[in-house]
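In: model this:
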Amino acid sequence: MELNDANLQSLTEFLKKTLNPDPTVRRPAEKFLESVEGSQNYPLLLLTLLEKSQDGVIRVCAAVTFKNYIKRNWRIVEDEPNKISDADRTAIKANIVNLMLSSPEQIQKQLSDAISIIGREDFPQKWPDLLTEMVNRFATGDFHIINGVLRTAHSLFKRYRHEFKSNELWTEIKLVLDTFALPLTNLFKGTIELCHKHSTDINALKVLFSSLTLICKLFYSLNFQDLPEFFEDNMETWMTNFHALLTIDNKLLQTDDEEEAGLLELLKSQICDNAALYAQKYDEEFQPYLPRFVTAIWNLLVSTGQEVKYDLLVSNAIQFLASVCERPHYKHLFEDQNILTSICEKVIVPNMEFRSADEEAFEDNSEEYIRRDLEGSDIDTRRRAACDLVRGLCKYFEGPVTAIFSGYVSSMLGEYAKNPGTNWKHKDAAIYLVTSLASKAQTQKHGITQANELVNLTEFFVNHILTDLKSPNVNEFPVLKADAIKYAMIFRSQLPKEQLIQAIPLLIAHLQAESTVQHTYAAHALERLFTMRGPNNSTLISPAEMAPFTEQLLNNLFKALAFPASSENEYIMKAIMRSFSLLQEAIVPYIPTLIGQLTHKLLLVSKNPSKPHFNHYLFESLCLSVRITCKANPATVGSFEEALFPVFTEILQNDVQEFLPYVFQVMSLLLEIHSNTIPDSYMALFPHLLQPVLWERTGNIPPLVRLLQAYLEKGATTIAATAADKIPGLLGVFQKLVASKANDHQGFYLLNSIVEHMPPEALTQYRKQIFILLFQRLQSSKTTKFIKSFLVFVNLYGVKYGAIALQEIFDDIQPKMFGMVLEKIVIPEVQKVSGAVEKKICAVGITKILTECPAMMDTDYTKLWTPLLQALIGLFELPEDDSIPDDEHFIDIEDTPGYQTAFSQLAFAGKKERDPIGDAVGNPKIHLAQSLHKLSTACPGRVPSMISTSLNAEALQYLQGYLQAATVQLV
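Out: Below you'll find the model as predicted:
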């Protein structure tokens with residue numbers, strides 16, 4: 001693509017169309033942009049547009065498109081096409097920093113993100129001057145530019161907060177500190193001076209305070225891994241200024257907005273975070289500063305209001321206290337009973353109250369409320385922070401803290417009892433307090449696993465929780481109902497089983513509650529209860545115990561999906577999946593009705609897939625319906641195909657990328673259930689599965705390979721008879737996969753199925769070419785994974801076509817090739833093969849080479865006979881060799897670049913492992929003994945003499961054992 005006006009104009013038109021709400025206009029435009037991604041100059045055209053276009057919307061659209069393009073394509077992945085030319089890469093790096101700093105803020109943010117994506121790959125080795133280029137801009141004094149630099153540095157460095165320690169990371173951080181720490185410190189001091197100088201100019205203060213917040217975030221990232229020497233030497237400067245900023249209160253910066261945190265709040269909450277980091281990690285060095293920070297943060301907490309805009313500040317301030325009170329050094333600060341009472345009264349209880357803002361979120365923004373309350377992403381909520389502080393205090397003062405709070409809980413419950421209608425929030429706070437007091441350790445799988453012995457959880461459940469669950473009107477006091485459901489869910493491992501059984505029908509009733517939070521919690525609680533394990537690893541709650549409630553459970557779950565706000569509720573769909581899995585054949589009578597509802601739902605969501613978890617559980621539920629029903633009656637597979645194929649066809653025709661890997665897995669499951677014939681409906685689809693475009697997407701590869709394997713298993717003869725012209729296409733797929741280090745094993749799965757199931761005559765003309773391709777790959781890049789797969793294939797070929805055919809095909813490619821493969825690959829590497837079926841294939845294959853290949857007995861190859869037998873005994877008896885050469889540790893990592901749909905394995909579409917040898921060979925060791933016996937009777941005296949002269953003693957001993965077990969001897 002040339003950099004010219006015509007291309008800029010056409011690109012502008014396509015970008016406009018991608019903003020069109022009409023999918024018939026939008027989709028083709030998106031497809032076009034996807035198709036030109038590999039063209040040279042495409043990214044430079046986007047950058048030109050975002051710099052020069054007169055249309056503001058197009059500039060932003062070009063910036064977002066550019067960032068996503070970088071996100072998808074910058075990383076160079078082995079075996080994947082590199083879509084960005086070197087010239088474009090150089091040009092982008094040369095211009096992007098300047099462009100970012102001179103762009104308006106909306107575009108600056110997109111480009112800043114793009115720089116950090118490029119930086120993650122190229123900095124520091126391939127982009128050494130990035131930092132100096134950025135630091136030099138501090139001297140401009142223009143804070144629009146300085147903030148651009150700070151924002152970019154923040155997105156570059158924030159990964160230091162969660163990277164694992166490594167020498168490369170240390171080297172990079174050291175380089176950053178050498179270049180960046182001093183200018184950052186000078187900028188920090190200079191910005192604070194400017195704040196004093198412009199203390200009455202609101203516009204200047206806004207810019208300066210956003211700079212200070214970014215500087216504080218950078219401080220956090222650069223100090224996270226370890227305490228850098230530079231910051232230790234300059235601690236006085238940083239801490240004194242942090243302390244001063246915590247206590248500052250400029251009236252001009254106070255906002256009227258009750259929801260949105262202002263610049264003051266954002267800055268102070270980041271400083272609380274920085275102080276907590278030092279208190280936790282570097283307490284010795286931080287000790288001299290700690291008392292004044294505790295005082296300042298305590299005063300902040302006591303004087304800050306209940307408005308939402310202060311939530312982040314208050315929760316970070318409480319988190320600071322929580323991290324301090326957990327450290328043995330600072331225990332003395334909290335020992336006084338009055339201080340404990342004061343913390344409980346002034347900080348914890350007020351921040352556990354259910355505010356009107358929480359009530360609004362509960363009613364109007366249920367998704368966000370659930371995300372924060374249930375999934376633990378409420379890290380920045382006051383309640384979570386107060387809860388953490390309770391936990392922190394209980395570490396050393398469990399008795400006194402429990403005593404103080406027990407008083408509060410009793411008085412709150414007393415207030416509620418006087419007038420439930422108006423005082424229900426008191427009970428809500430009491431339940432929250434009990435929960436935070438009682439829970440010491442928690443896991444996703446088991447809920448609370450360790451509880452405070454001083455709190456009687458069962459008694460509280462019976463007296464205060466069951467009453468809410470049993471209340472006949474499920475829609476009254478929805479917050480308290482949701483609290484009660486959550487209590488049952490998180491303490492499920494602590495409550496006796498009879499209480500849980502009593503709760504199940506009550507939870508099923510709550511699925512009909514109008515409140516989204518309430519019926520979501522009910523679904524989630526049931527799903528968690530159904531996963532609990534009993535003493536013998538079966539589910540704690542059995543299908544028989546569920547029998548009285550089965551119909552009601554299934555009805556109510558599907559009714560809950562009908563609530564408008566819950567039409568794609570992932571918790572309900574997960575509960576449906578889990579119910580099917582628990583109830584097993586008990587669901588069979590309901591499937592005819594339910595499958596219609598599930599396929600209708602699938603059709604709706606496929607129009608615009610937006611909830612990946614919901615979609616995943618929906619496909620899992622479909623798999624369970626198929627699996628459970630067809631297990632009882634395989635003939636019903638046809639009725640599932642009738643129900644599902646119309647929707648699947650639509651998904652394939654519209655190329656709904658997110659759903660294709662799922663559709664292929666469900667089709668494999670259906671096809672594998674058929675007896676050994678392949679229905680016409682599948683054969684009609686077969687040519688489409690070989691289209692190269694489907695194989696371009698990484699996420700499609702595993703499920704498509706499995707689907708083709710199912711085709712071969714059920715219909716190889718049909719394919720050979722009616723679609724022989726498609727065999728080259730099938731082998732083309734194998735050729736593409738085997739050339740890739742990431743997917744070569746998938747290529748072998750396909751090849752093994754072709755060899756195992758295809759009629760031999762259908763492959764005659766292709767066999768030699770297959771082996772040549774494998775040798776080319778062996779020469780170009782020989783990895784452990786490839787060799788393991790190669791060994792299994794070669795031996796499977798020998799088992800299927802015989803050892804003579806195997807030797808002939810090798811020697812036909814190049815004389816003496818068979819001996820080289822045995823000597824250089826089979827004998828030294830067979831120990832690396834893993835997996836019971838794989839080892840069995842290799843054992844039977846090698847046995848055939850030893851005992852059914854005349855060339856092994858009377859040619860140059862004879863010298864390899866004993867070493868090969870020795871290697872086979874080693875495969876049987878020695879531990880597997882799982883060593884991997886240093887230079888290929890990274891190869892097996894599944895790394896899907898950008899946001900391509902990754903492959904999502906459906907647990908309930910699981911494939912049974914297939915043994916191609918089956919019962920023909922039960923025990924490979926006995927099979928070896930019998931085959932050697934047969935060989936020795938054909939040429940008496942030869943075998944014992946070959947064995948006795950060169951087999952080592954230990955191997956010989958094992959071999960004697962096999963011969964005895966098979967009750968045969970060598971002659």
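In: Output the below-cut-off pLDDT ranges for the chain.
Out: 375-380, 440-443, 445-446, 448-449, 885-903 (pLDDT under 70).
In: Could you tell me the end-to-end distance of stretch 808-821?
Out: Taking CA to CA, to the nearest Å, stretch 808-821 runs 13 Å from one end to the other.
In: buried sites along it?
Out: Using 16 or more other CB atoms under 10 Å as the test for burial, stretch 808-821 gives 809, 810, 817, 818, 819, 821. Heads up, the C-betas are built off the backbone N, CA and C, glycines and all.
In: Mind putting the residues you listed into JSON lines with secondary structure?
Out: Formatted as JSON lines, the buried residues of stretch 808-821 follow (DSSP: H, G, I helix; E, B strand; the rest coil):
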{"residue": "809", "secondary structure": "helix"}
{"residue": "810", "secondary structure": "helix"}
{"residue": "817", "secondary structure": "helix"}
{"residue": "818", "secondary structure": "helix"}
{"residue": "819", "secondary structure": "helix"}
{"residue": "821", "secondary structure": "helix"}
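In: any chance of those residues in JSON lines, plus distance to residue 302?
Out: As requested, the buried residues of stretch 808-821 are exported to JSON lines (distance: CB to CB, whole Å):
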{"residue": "809", "distance to residue 302": "84"}
{"residue": "810", "distance to residue 302": "83"}
{"residue": "817", "distance to residue 302": "84"}
{"residue": "818", "distance to residue 302": "85"}
{"residue": "819", "distance to residue 302": "85"}
{"residue": "821", "distance to residue 302": "79"}
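In: now for these, which pair is the farthest apart?
Out: For the buried residues of stretch 808-821, the farthest-apart pair by CB to CB is 809 and 819; their separation is 13.8 Å.
In: quick one: the closest residue to residue 489 other than its chain neighbours from residue 251, how far?
Out: Distance criterion CB to CB, 6 or more residues apart in numbering; nearest residue to residue 489, sequence neighbours excluded, is residue 525 at 4.0 Å. Here residue 525 is placed at a distance of 48 Å from residue 251 (CB to CB, to the nearest Å).
In: Check residue 90 too.
Out: Distance, residue 90 to residue 251, by CB to CB: 51 Å.
In: What are the boundaries of the strands in the stretch 851-971 of the chain?
Out: Counting by DSSP state E, counting those that start in this stretch, no segments of the stretch 851-971 of the chain form strands.
In: thinking again about what came up before, between residue 90 and residue 251, which one's more packed in?
Out: Applying other CB atoms under 10 Å to residue 90 and residue 251 shows that residue 90 carries more neighbours, namely 11 against 5.
In: Check which helix or strand that one maps to.
Out: Per DSSP states H and E, residue 90 falls inside helix 86-102.
In: mind saving the C-alpha coords of the next helix or strand after that helix as PDB?
Out: Sequence order places helix 105-122 as the next helix or strand after helix 86-102, per DSSP H and E. The C-alpha coordinates for helix 105-122 follow below in PDB (Å, rounded to 0.1, in the frame of the first residue of the first chain):
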ATOM      1  CA  GLU A 105      -5.200  13.500  25.100                       C
ATOM      2  CA  GLN A 106      -7.700  11.000  23.700                       C
ATOM      3  CA  ILE A 107      -5.200  10.000  21.000                       C
ATOM      4  CA  GLN A 108      -2.200  10.300  23.300                       C
ATOM      5  CA  LYS A 109      -3.700   7.600  25.500                       C
ATOM      6  CA  GLN A 110      -4.000   5.100  22.600                       C
ATOM      7  CA  LEU A 111      -0.500   5.800  21.400                       C
ATOM      8  CA  SER A 112       0.900   5.600  24.900                       C
ATOM      9  CA  ASP A 113      -0.600   2.100  25.100                       C
ATOM     10  CA  ALA A 114       0.800   1.200  21.700                       C
ATOM     11  CA  ILE A 115       4.300   2.400  22.900                       C
ATOM     12  CA  SER A 116       4.100   0.200  26.000                       C
ATOM     13  CA  ILE A 117       3.100  -2.800  23.900                       C
ATOM     14  CA  ILE A 118       6.100  -2.200  21.600                       C
ATOM     15  CA  GLY A 119       8.200  -1.500  24.600                       C
ATOM     16  CA  ARG A 120       7.300  -4.800  26.200                       C
ATOM     17  CA  GLU A 121       8.800  -6.600  23.200                       C
ATOM     18  CA  ASP A 122      11.600  -4.300  22.100                       C
END
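In: Spell out the secondary structure type for residue 34.
Out: Applying three-state DSSP: residue 34 is helix.
In: nope, residue 258 is what I was after
Out: Applying three-state DSSP: residue 258 is coil.
In: Quick check: the nearest residue to it once chain neighbours are set aside vs residue 260, distance?
Out: Leaving aside its sequence neighbours, residue 258 sits nearest to residue 307 (CB to CB, 6+ apart; 4.5 Å). Using CB to CB, we find residue 307 at a distance of 10 Å from residue 260.
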